[in-house]
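Engineer: After the sequence you'll find the predicted model.
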Amino acid sequence: MKSSFISIKWKTFSIFLIFTIVLLGVLWFFQIVYLNDFYKIIKRQETEQVLDKVEILLETEDDPSDDIEKIAANCNLGIFITDSEGQPIYNAEYISNSQMSSLPQFLFSSFYNQALENDGEAVVEFKGSQLQRKHSPVSQPPGNESADATGADSEGAPAPDDASASEDTSSSTETTESEPEAEENLEEKPGKIAYTIPPEQKEELFRQNIGNELAESVIYIRIVNVSGAEKVIMINSVLTPVDATVSTLKVQLGIISIIIIVIAFILAVALSKSLSKSIISINDEAKKLAAGDYSVKFNSKDYMEVAELSKTLNYAASELGKADSFQKELIANVSHDLRTPLTMIKGYAEVMRDIPGENTPENVQVIIDETERLSGLVNDMLDISKLKAGTISIQTEEYNITESIRHVLERYNKLREVEGYTIDFIYDCEVNVLADEQKMYQVLYNLVNNAINYTGEDKKVTVVQKVNGNTLRIEVKDTGDGVKQEDIPYVWDRYYKDKTAHKRALQGTGLGLSIVKSVLELHGARYGVSSVQGQGATFWFEILINPFSEEE
């Protein structure tokens with residue numbers, strides 16, 4: 001069955017290409033679609049800044065003409081400064097076909113009035129960049145066959161003058177079509193025929209015929225007071241169409257897009273291959289680990305995350321190897337401890353059956369002892385399995401742990417008498433604890449039993465009870481060979497053993513310390529072991545107490 005998951009190689013490749021396409025889309029959107037708008041916004045902001053600079057120059061310098069010329073030239077602007085009557089003071093025009101200096105009086109008055117009504121500032125936007133002659137009232141002798149742009153022929157029709165004759169047919173037609181609207185304003189005087197165009201039509205004609213329809217212009221008007229005299233600053237900025245620039249950018253972006261896509265494709269392939277190579281290598285090694293080969297090594301270190309994963313998997317392989325080794329040892333040791341009592345029980349039973357007179361109390365006691373040992377081993381195995389599975393809970397109660405320790409040590413009275421063991425109990429006072437008495441009894445018994453099994457030739461074991469504030473510390477010391485420092489982390493494992501062969505416990509099953517660890521963890525107690533090679537080992541744990549006031 002084909003997997004429905006996409007490989008990391010192709011996923012990385014796809015993400016990289018998608019990112020590239022989105023990036024190119026953003027570039028195209030902002031550099032082409034909105035290029036005109038961005039250009040206009042920047043141009044308007046630039047013109048407003050120039051307006052502020054010119055105002056400062058007028059207020060601070062006696063003759064700012066040179067600075068105004070430089071500003072106009074650098075920014076490609078038309079700067080026209082007049083008095084309140086429209087008389088020119090400074091003029092610097094660096095725009096193609098700009099005719100700010102020949103601004104009609106009626107239009108200047110219109111701009112001026114708009115600025116006055118708007119707190120001294122006004123902005124006028126219009127299309128066109130080429131100024132055309134305005135219509136104005138003129139006089140012409142009767143019967144003259146020629147007329148200027150604002151005159152009329154002898155039949156009452158307007159006729160172009162010499163200058164207007166050079167205009168194209170469309171201009172003449174436009175003037176002719178506007179004649180009927182102007183007939184209402186015709187005035188007859190002796191020897192003269194003239195007509196006028198209302199100021200609203202003049203302004204409209206001026207605005208519509210400044211130039212071609214493609215260019216957009218803006219005029220900023222500001223009225224300032226310099227040394228008590230009113231001056232008018234007018235700055236003309238042409239928002240030049242950027243069609244040519246857009247065309248150029250389209251070609252450039254087209255080439256750039258192809259180059260970027262090719263580069264992105266190569267990088268995506270290389271990156272996805274490099275990243276997937278490490279993952280594939282780790283996956284191959286992980287399959288070996290799953291098959292039971294715990295000697296595998298994960299060495300992928302291309303990236304930080306992959307290196308961390310390699311370290312984690314190496315640690316997991318090491319721990320799994322140890323667990324597998326412990327499992328095999330557990331099976332071998334449990335088999336040994338089960339086989340030995342069963343063999344002895346069977347042997348003594350056969351002897352008692354086959355040989356007359358061997359049915360003695362001593363032989364029966366051997367069978368009973370081995371049966372108890374076998375029963376203890378089975379019980380310990382069941383306990384450790386339940387503890388590891390979390391199916392055993394503790395029933396806490398307040399009880400005298402000092403008395404519980406004395407009861408544990410009484411079980412070894414026969415061992416003291418027969419084998420010559422010395423078991424000392426050192427304590428200062430009776431101590432109460434809040435714990436599960438039965439489970440803690442098992443902990444104490446297993447610790448003492450472990451010390452007896454591994455104590456030295458002097459057969460001495462010491463149990464110490466210490467009180468530190470609200471904490472009880474129990475120590476069980478032996479005088480044996482001790483535990484090697486590198487083996488200390490593993491002494492709590494089931495059937496822990498050093499490099500020597502497994503030693504059958506004299507009084508226990510080999511599972512005692514693992515049970516101790518699980519019970520203490522259920523109680524939230526601290527525990528540990530300290531050892532000096534050749535000087536024995538000390539197993540200890542700490543638990544909260546409630547001491548009696550009575551001391552011994």
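Structural biologist: Sure, I can see it.
Engineer: quick check, F30 in a strand?
Structural biologist: No. Assigned with DSSP: H, G, I helix; E, B strand; the rest coil, F30 falls outside any strand and is helix.
Engineer: what about it, neighbour count?
Structural biologist: Residue crowding around F30 was assessed by other Cβ atoms under 10 Å; the count is 12. From N, CA and C alone the C-beta is placed, and that goes for glycine too.
Engineer: again, but for K439
Structural biologist: What K439 shows, counting by other Cβ under 10 Å, is a neighbour count of 22.
Engineer: Apart from its neighbours in sequence, what residue is nearest it?
Structural biologist: Among residues not flanking K439 along the chain, V519 sits closest, at 4.7 Å (Cβ to Cβ, 6 or more residues apart in numbering).
Engineer: Same question for stretch 392-401: list its buried residues.
Structural biologist: Buried positions in stretch 392-401, judged by neighbour count with 16 or more other Cβ atoms under 10 Å: I392, Y399, I401.
Engineer: Please read the previous query as pertaining to stretch 317-324.
Structural biologist: A317, G321.
Engineer: pLDDT averaged over it, what's the number?
Structural biologist: Stretch 317-324 shows a mean pLDDT of 82 in the predicted model.
Engineer: With stretch 435-455 instead?
Structural biologist: Mean predicted confidence for stretch 435-455 is 88.
Engineer: so how far is that stretch off the chain centroid?
Structural biologist: 52 Å (Cα atoms, centre = their mean, to the nearest Å).
Engineer: cool, stretch 94-109 as well?
Structural biologist: 58 Å.
Engineer: Just the endpoints, please. Distance across that stretch?
Structural biologist: 24 Å (Cα to Cα, to the nearest Å).
Engineer: Out of the buried residues of stretch 392-401, which sit inside helices?
Structural biologist: I401 (DSSP state H).
Engineer: what's near enough to touch the nearest residue in space to D436 that is not next to it in sequence?
Structural biologist: Spatially, and ignoring its direct neighbours in sequence, D436 is nearest to I394 (3.9 Å; Cβ to Cβ, 6+ apart). With contact set as Cβ atoms under 8 Å, 6 or more residues apart in numbering, I394 has these partners: A435, D436, K439, V519, L522, H523.
Engineer: 7 Å instead, please
Structural biologist: D436, K439, L522, H523 (Cβ atoms under 7 Å, 6 or more residues apart in numbering).
Engineer: before we move on, back to that, could the buried residues of stretch 392-401 be laid out in TSV, adding pLDDT?
Structural biologist: Listed next are the buried residues of stretch 392-401 as TSV, based on pLDDT from 0 to 100:
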residue	pLDDT
I392	70
Y399	92
I401	93
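Engineer: how about the buried residues of stretch 392-401 in a markdown table, adding distance to P356?
Structural biologist: Output for the buried residues of stretch 392-401, formatted as a markdown table (distance: Cβ to Cβ, whole Å):
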| residue | distance to P356 |
| --- | --- |
| I392 | 49 |
| Y399 | 52 |
| I401 | 52 |
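Engineer: out of the buried residues of stretch 392-401, who's nearest V467?
Structural biologist: I401 (11.1 Å; Cβ to Cβ).
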